[in-house]
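>>> take this sequence and fold it.
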Amino acid sequence: MATKIDKEACREAYNLVRDDATEVNWVTFKYNGSTIVPGDQGVDYETFKRTCTDDVRLFGFVRFTTGDAMSKRVKFALITWIGEDVSGLQRAKTGTDKTLVKEVVQNFAKEFVISDHKELDEDYIKNELKKAGGANYDAQTE
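Residues are numbered from 1 along each chain as shown. You can find the predicted model right below:
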């Protein structure tokens, strides 16, 4: 059966993360049968990491504040999580299903496909976002 996405509900969750007026820093999009729907959401990145268990595949849209002494910027990451215990068929399908998620999640600085908990490290992701972000004034002396 072909995967579908609840675009309206997913767009509402996506907009919560993008809205500076909310405290929501992340949201997941999960599978409910063959439909992708909004999952958990929260403020703390560590809580997001705990939703990435070995038996699930999900998509996460996460807000990070990056930058340096000269400028702080909000950057968004799209994280595709595929747990170690996810079947080969589901793993393969996740790649094509991501195109449905990208119809809703259109603005992000960098995309990650992760199946190892070590790669979910916040500093690693922030560093990758910083590289994708352009100007970096850290190397200059004040």
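
>>> from now on I want contacts and neighbour counts done on CA atoms only, so please keep to that.
Fine.

>>> helices of this structure, residue ranges please.
Using DSSP state H, the helices of the chain run over 7-18, 45-51, 88-104, 122-132.

>>> make TSV out of those helices and add mean pLDDT.
Converted to TSV, the helices of the chain look like this (pLDDT from 0 to 100):
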stretch	mean pLDDT
helix 7-18	98
helix 45-51	97
helix 88-104	95
helix 122-132	89
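
>>> closest to Lys75 out of those helices?
helix 122-132 (6.9 Å; Cα to Cα).

>>> now that closest one, how far from the centre of its chain.
13 Å (Cα atoms, centre = their mean, to the nearest Å).

>>> in that helix, what's buried?
125-126, 128-130 (16 or more other Cα atoms under 10 Å).

>>> do stretch 35-48 as well
Buried residues in stretch 35-48 (16+ other Cα under 10 Å): 36-39, 41-43, 45, 48.

>>> which of those lies closest to Gly60?
Phe48 (8.2 Å).

>>> now the closest one: how far from Arg57?
13 Å (Cα to Cα, to the nearest Å).

>>> cool, and Asp116?
The value you get for Asp116 to Arg57, if Cα to Cα is used, is 12 Å.

>>> more neighbours, these two?
Between Asp116 and Arg57, Arg57 has the larger neighbour count (other Cα atoms under 10 Å), namely 25 against 15.

>>> list the contacts for that one?
When contacts are counted by Cα atoms under 8 Å, 6 or more residues apart in numbering, Arg57 touches 30-31, 80-83, 86, 91, 94.

>>> for it, which non-adjacent residue is closest in space?
Once flanking residues are discounted, Arg57 sits nearest to Ile82: 4.4 Å by Cα to Cα, 6 or more residues apart in numbering.

>>> can you pull the contacts of that neighbour?
54, 56-58, 91, 113-115.
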